[in-house]
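A.B. asks: model this:
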Amino acid sequence: MLSYRDALARVAQGARHKAAANDSLDVNAKRSEDGRTLVLQAVTLADKPVLAQIHLGGFVCRKPMAQVTELSGPLAAANTANQPNTIIPRSGQWRHALKDGPTSYSFPPYSVTVLRFE
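C.D. replies: Predicted structure coming up:
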């Protein structure tokens, strides 16, 4: 069984862009073939939240809310048979305010975050 730390390290190896000067946030963005959806995937390697500015140049959001899915927790945390929900993804909506220009998002420490913009 992989610990959360090992799983996070594997995801971080596949990240495409260093978004923070201190290399604590790795980001990858993908746009759908029809151009209507943009998915931002981020891995936070820091022990504290990382505030990042988001500017989606050339992409116009049709919806004021983005779908957010996050997986975060202490590095030593692991799901077990007795505690299967120690680390679980959390989903919700986030009002991004991108229609007014760039916005900021606080990525949780030691996390994998997916932001889906439409």
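A.B. asks: The residue lying farthest from the centre of the chain: what's it in contact with?
C.D. replies: The C-alpha centroid of the chain is most remote from N82, which lies 27.9 Å away (CA atoms, centre = their mean). Contact analysis of N82 by CB atoms under 8 Å, 6 or more residues apart in numbering lists nothing. Just so you know, the C-beta spots here come from the backbone N, C-alpha and C atoms, and that holds for glycine as well.
A.B. asks: Repeat that for K48.
C.D. replies: So K48 contacts P109 (CB under 8 Å, 6+ apart).
A.B. asks: now it: how far from Q41?
C.D. replies: 20 Å (CB to CB, to the nearest Å).
A.B. asks: What of L51?
C.D. replies: Applying CB to CB, the value for L51 to Q41 is 18 Å.
A.B. asks: Mind checking which of those two has more residues around it?
C.D. replies: The residue with more neighbours, out of L51 and Q41, is Q41; 19 against 11, by other CB atoms under 10 Å.
A.B. asks: I'd assumed the more buried one was in a helix, is it?
C.D. replies: No - Q41 is assigned strand when assessed by DSSP: H, G, I helix; E, B strand; the rest coil, not a helix.
A.B. asks: Which residue, other than its chain neighbours, is closest to it?
C.D. replies: N28 (4.6 Å; CB to CB, 6 or more residues apart in numbering).
A.B. asks: average pLDDT for the helix or strand hosting that neighbour?
C.D. replies: Assessed by DSSP states H and E, N28 sits inside strand 25-31. Summarised as a single mean, pLDDT over strand 25-31 is 92.
A.B. asks: what pairs with that strand, and is each one parallel or antiparallel?
C.D. replies: Strand 25-31 has the following strand partners under DSSP bridges: strand 17-18 (antiparallel), strand 38-44 (antiparallel).
A.B. asks: what is the mean pLDDT for the last one?
C.D. replies: Over the span of strand 38-44, the pLDDT mean works out to 95.
A.B. asks: State the next helix or strand along the chain beyond that strand.
C.D. replies: strand 50-54.
A.B. asks: Other residues contacting the next helix or strand after that next one?
C.D. replies: Using DSSP H and E, the helix or strand that directly follows strand 50-54 along the chain is strand 65-72. Strand 65-72 has contacts (CB under 8 Å, 6+ apart) with 44, 87-96, 108-118.
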